[in-house]
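# starting from these lines, generate the structure:
(4 chains)
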Protein chains: 2
Amino acid sequence: MNQEWAAPSKSQHAYLWLKERIAGEELTPGYRLVLASIADELDMSVVPVREAIRRLEAEGLVTFERNVGARVSMIDDTGYRHSMESLAILEGAATALAARHLTADDLRHARELNRRLVESLDDFDPRLFTSVNHAFHSVLFAACQNTRLLALVEAEWVRLGHLRDSTFSFVPGRAQESVREHEVLLDLIETGAPLPDIERAARGHRSATLAAYLSHEHPDGLPAAL
Amino acid sequence: MNQEWAAPSKSQHAYLWLKERIAGEELTPGYRLVLASIADELDMSVVPVREAIRRLEAEGLVTFERNVGARVSMIDDTGYRHSMESLAILEGAATALAARHLTADDLRHARELNRRLVESLDDFDPRLFTSVNHAFHSVLFAACQNTRLLALVEAEWVRLGHLRDSTFSFVPGRAQESVREHEVLLDLIETGAPLPDIERAARGHRSATLAAYLSHEHPDGLPAAL
DNA sequence: GTGGTACGGATCGTATATTATCCCTGGAAG
DNA sequence: CTTCCAGGGATAATATACGATCCGTACCAC
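Sure, this is the predicted structure:
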């Protein structure tokens, strides 16, 4: 009597549940993750919860201290900068590798998303903007054939997603600039520009967002090279 | 009465033990990892072993199938190619970011390692070559200030390390070319070449190794773009 | 008042036990 | 000869139980 509706393992369930809460900011950085409480809440024993947390730890979303417990990863400016820089590199490459595989439909979809970004500039909601922004970039790099690279990009987005809600909350002015750069990027792809140009544009786009944040928070800091 | 000798958790111990075995090819790809056997061998219960395996899973070293068990990740050509391509991108960027931070000592050390690579070309041992090769590149990118990027690079090396012993076993001719490219790369760094040039050289170096492998295994395959 | 120490609650770490699932093998039906 | 089904062994998944460790607090000595 096979239950067709598939039984997701409890471990998996706990993993997804936690990840969701972390991404959704219900569990903010520094939040203490107590095994027993979570197990209780999810109506399971602590064993699956432990495994879920181990996986999250390996992904860098939570930090663990022996005999003390887990907490949602704290993010300092350095970590944020490093992650953004890494994402710039990964996403830039993925976008370039995907460029030649984008269909006309994909590009239409991307332009539509960017149009929504433009519209949202009035009555600005950083949360919404970030979400649509992610969708926009996802369209552009999802066609990348290199699944490993894709996984790395997605992992970095998740990492950042829970660390800072949105750079755009901090530097509202960056949003306008951002959507313009999106158009440039789309044009490059559509006209079949050389891949290195596309990569440079995509990387530069994210680096610029990072730079905007850094110069806003630390006006006297040095800009990142490369 | 604090025991100074530190008590590494069993979970940690199992994790390191397995990782070691996998890296050392004692556990080859496809090898079945049975919880009870491992627990027995390490003189512990299955719980810590499960956690260790979960961590390895998150790192991509083992694959897991629900209710079936874990096995050391199989690597197909596609996976290998994707991983190498990703490494090319990551390592290229890390090397460029590290370039300005390398000391004269670092460069001396790197040249010394490359000298050893040259020497080893007679009486060629792919295993040794790969190992020293890793050391060489480690020196070049270790000075990268972006710890996140560094972690990604190292993770990818580990991934590849256990998947294929060495590309150089398959394409011996590549080794000579490789050490020459090392010299070029070192010269670029030493003369303070523009970072994009350094990045391109470092990325191209690894891409070339991948290409050599691919064209050797699949002479009719298409070369990777970018 | 300050420092240290001892106790206790909270929480983690691991072992053991129980249940669920898969896969293989063998036999019977067609 | 092939196909299907049943049963059993192997193994994973989870629950429960117990011991170990940490950390905060209160008490005592000085």
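
# for A:Glu59, which non-adjacent residue is spatially closest?
For A:Glu59, the nearest residue in space outside its immediate sequence neighbours is B:Ala58; the separation is 6.0 Å by C-beta to C-beta, 6 or more residues apart in numbering or on different chains. Where you see a C-beta, it was placed from the backbone N, CA and C, and this is true even at glycine.

# what sits against the one you found?
With contact set as C-beta atoms under 8 Å, 6 or more residues apart in numbering or on different chains, B:Ala58 has these partners: A:54-55, A:58-59.

# repeat the analysis, applying 10 Å as the threshold.
By C-beta atoms under 10 Å, 6 or more residues apart in numbering or on different chains, the residues touching B:Ala58 are A:15, A:54-60, A:155, B:64.

# distance check, A:Ala52 against A:Ala70.
Relative to A:Ala70, A:Ala52 is positioned 10 Å away (C-beta to C-beta, to the nearest Å).

# sort out which residues of stretch A:143-163 are buried, please.
Taking 16 or more other C-beta atoms under 10 Å in any protein chain shown as the neighbour-count basis, stretch A:143-163 is seen to contain the buried residues A:143-146, A:148-150, A:152-163.

# for chain A, which residues are neighbours of DNA strand C?
Neighbours of DNA strand C within chain A, by C-beta under 7 Å from any atom of the strand: A:2-3, A:7, A:33-37, A:46-47, A:50, A:64, A:66-70.

# please list only the buried members of these.
A:33, A:35, A:46-47, A:50, A:70.

# what about those, which are in strands?
Assignment to strands by DSSP state E places the following of these there: A:33, A:70.

# pretty sure A:Glu85 sits against A:Leu210.
Yes: using C-beta atoms under 10 Å, A:Glu85 makes contact with A:Leu210 at a distance of 6.6 Å.

# in the helix or strand hosting A:Pro196, which residues are buried?
Secondary structure here is read from DSSP states H and E; on that basis A:Pro196 sits in helix A:195-217. Along helix A:195-217, the positions that meet the burial threshold by neighbour count (16+ other C-beta under 10 Å) are A:195, A:198-207, A:209-214.

# domain parsing of chain A, as residue ranges.
A:10-72, A:77-217 (automatic domain parsing).

# ends of the first one, what's the gap?
Okay, so that is domain A:10-72. Here the two ends of domain A:10-72 are set 20 Å apart, with distance taken as C-alpha to C-alpha, to the nearest Å.

# check the gap between A:Glu119 and A:Val132 for me.
Taking C-beta to C-beta, one finds A:Glu119 at 10 Å from A:Val132.

# who has more neighbours out of those two?
Set A:Glu119 next to A:Val132 and count neighbours by other C-beta atoms under 10 Å in any protein chain shown: A:Val132 wins out with 17 against 11.

# tell me which element that one is part of?
Here A:Val132 is covered by helix A:126-142, with elements defined by DSSP H and E.

# average pLDDT for that helix, rounded please.
Along helix A:126-142, the predicted local confidence has a mean pLDDT of 92.

# CA atoms only for that helix, dumped as PDB, please.
These are the backbone C-alpha positions of helix A:126-142, laid out as PDB (Å, rounded to 0.1, in the frame of the first residue of the first chain):
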ATOM      1  CA  PRO A 126      12.700  47.600  -0.900                       C
ATOM      2  CA  ARG A 127      11.400  44.200  -0.100                       C
ATOM      3  CA  LEU A 128       9.300  43.900  -3.300                       C
ATOM      4  CA  PHE A 129      12.100  45.500  -5.400                       C
ATOM      5  CA  THR A 130      14.600  43.000  -4.200                       C
ATOM      6  CA  SER A 131      12.300  40.100  -4.900                       C
ATOM      7  CA  VAL A 132      11.500  41.200  -8.500                       C
ATOM      8  CA  ASN A 133      15.200  42.000  -8.900                       C
ATOM      9  CA  HIS A 134      16.100  38.500  -8.000                       C
ATOM     10  CA  ALA A 135      13.500  37.200 -10.500                       C
ATOM     11  CA  PHE A 136      14.900  39.400 -13.200                       C
ATOM     12  CA  HIS A 137      18.500  38.100 -12.700                       C
ATOM     13  CA  SER A 138      17.300  34.500 -12.400                       C
ATOM     14  CA  VAL A 139      15.800  34.700 -15.800                       C
ATOM     15  CA  LEU A 140      19.100  35.900 -17.200                       C
ATOM     16  CA  PHE A 141      21.400  33.200 -15.600                       C
ATOM     17  CA  ALA A 142      19.000  30.300 -15.400                       C
END
